[in-house]
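Student: 3D, please:
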Amino acid sequence: MADDAPDHVHDLLIVGAGPVGLALALALKDAGLDIVLADARAREAVARDPRDLALAHGTRLTLQRLGVWDGLPTTAIQHIHISHQGGLGRTLIDAAEHELPALGYVASAGALATALRKAVDAAGIPVFDETEITNLAAGEDDVIASLADTGRPAPTLRARLAACAEGGLRAGDPNVVEHDYGQHALIADVQVAGGHRHTAFERFTPQGPVALLPKGEGYALVHVARPETADELLTLDDAAYLARLQAHIGGRARLTGVGPRLRYPLVLRYRRSTIAQRTVWLGNAAQTLHPVAGQGFNLALRDVWALADALLRASEAARQRSDDPAASPFDAGAASILAGYANARGLDRLGTMRFTDTLVRVFSNDFAPLRHARGAALFALDLIPPLRNFVARRMMFGARAWP
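Tutor: As a prediction, this is how the structure comes out:
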């Protein structure tokens, strides 16, 4: 275990040992840095995370580089069928058209966290479970993280850089922008007759999108509706709810069963800046997106990879200067490193947030002119391969479409 004496300064403190924080630690395992993670939850709680993640093809490539893809339970998405309720027009995006085995994958957040944690443990990177960070105080030379009182001998951790990858964004923070979509998402597992054939459905309705993502032998459902409609849907028994859901989907898939339904409100929240003095925010600590098109975790992992790359490059440059007695030692929290990272990620981050936000605003209404325009847009996607390819690459690799 790393030295956590009060006077010891780590190179990097990662706040949060979920998939985002663990991925950052693993990406830096060979950098020769003194890294420590802290998570308020027990290790078992992270492994039991019930959420399902839509992993884009670009995310698969990153997880392969991290050495955790093989053995991870996933279900491939080979086809994506996009349509909208109440109008003509649909498009089908096919992996074979892009010469790929799959456009994306569905995996359990708990399973992914478990695979990443095993790799982090194998790399010897310490993780302090059940360790809540109550405050971060950034100074000229380091960040001091205050810990909740649990009887630990060291009430603080110190690091050159703190990467916050735990928890959501707090409303009322002046650095946080918030937009309430006036929608709630119901999530559940759904059974389907005849199997899913690795086809995902994104069905836009006036109240919000309904997505069916292949998962195991059935589907992972994300059903977006207005809050009052969500109230009503939760009161229905399984048979009545399944009938309502089938009416949204139409005859594209015959649904035969539904598991317990959970619900959560949909709000766009994001930090105007994801960096501050010796501090960087990642994942849900940086932005919380609408689930349409499943971009949240994929954006977070691209941020992780870019931050790791920036730190690796700066560390290597410092090693090359090590023979110069006048050269400064490597400082993971240097303002120049964080500024370079933020500049490199600005286009993809803003583009992805705008992409998902625009989809919600354009498709989640029953305004007649827009309804006709939506149909025309879906027809265009289906008829014009270069346009369809652009949308597919955007979903697979982000706004900068890099593999």
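
Student: helices and strands around the helix or strand Val360 falls within, which ones?
Tutor: Per DSSP states H and E, Val360 falls inside helix 335-363. Under the contact criterion of 3 or more Cβ pairs under 8 Å, 6 or more residues apart in numbering; DSSP states H and E, helix 335-363 touches strand 176-192, strand 208-215, strand 262-271, strand 275-276, helix 296-320, helix 368-383. To be clear about C-beta, it is placed using only N, CA and C from the backbone, and glycine gets the same treatment.

Student: looking at the ones you listed, spot the one closest to Asp129.
Tutor: helix 296-320 (20.4 Å; Cβ to Cβ).

Student: counting contacts, what elements does that closest one pack onto?
Tutor: helix 19-27, strand 52-56, helix 57-65, strand 287-288, helix 335-363.

Student: recalculate using a threshold of 7 Å.
Tutor: Applying 3 or more Cβ pairs under 7 Å, 6 or more residues apart in numbering; DSSP states H and E, we find helix 296-320 packed against helix 19-27, strand 52-56, helix 57-65, helix 335-363.

Student: including distance to Gly168, could the ones you listed go into a markdown table?
Tutor: A markdown table is the format used below for the helices and strands packed on helix 296-320 (distance: least, Cβ to Cβ, whole Å):
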| stretch | distance to Gly168 |
| --- | --- |
| helix 19-27 | 12 |
| strand 52-56 | 16 |
| helix 57-65 | 21 |
| helix 335-363 | 15 |
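
Student: residues contacting the residue lying closest to Gly259 once chain neighbours are set aside?
Tutor: For Gly259, ignoring the flanking residues on the chain, the nearest one in space by Cβ to Cβ, 6 or more residues apart in numbering is Asp189 at 4.1 Å. By Cβ atoms under 7 Å, 6 or more residues apart in numbering, Asp189 lies in contact with 215, 218, 220, 259.

Student: picking that back up, dump the helices and strands packed on helix 296-320 to TSV, plus distance to Val267, mean neighbour count and mean pLDDT.
Tutor: Written out in TSV, the entries for the helices and strands packed on helix 296-320 read as follows (distance: least, Cβ to Cβ, whole Å; neighbours: other Cβ atoms under 10 Å; pLDDT from 0 to 100):
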stretch	distance to Val267	mean neighbour count	mean pLDDT
helix 19-27	19	28	98
strand 52-56	19	24	91
helix 57-65	24	20	93
helix 335-363	11	17	90
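
Student: of all these, which one is nearest Arg319?
Tutor: Arg319 sits nearest to helix 335-363 of all those, at 14.7 Å, using Cβ to Cβ.

Student: the closest one versus strand 176-192: what angle between them?
Tutor: Using axes from the mean of the first three to the mean of the last three Cα atoms, to 10 degrees, one finds that helix 335-363 and strand 176-192 are set 60 degrees apart in direction.

Student: between helix 335-363 and helix 296-320, how many degrees?
Tutor: Taking the same axes, to 10 degrees, one finds helix 335-363 and helix 296-320 inclined to each other by 170 degrees.

Student: just how off-centre is helix 335-363 within its chain?
Tutor: Centre-to-centre, helix 335-363 and its host chain are 13 Å apart (Cα atoms, centre = their mean, to the nearest Å).
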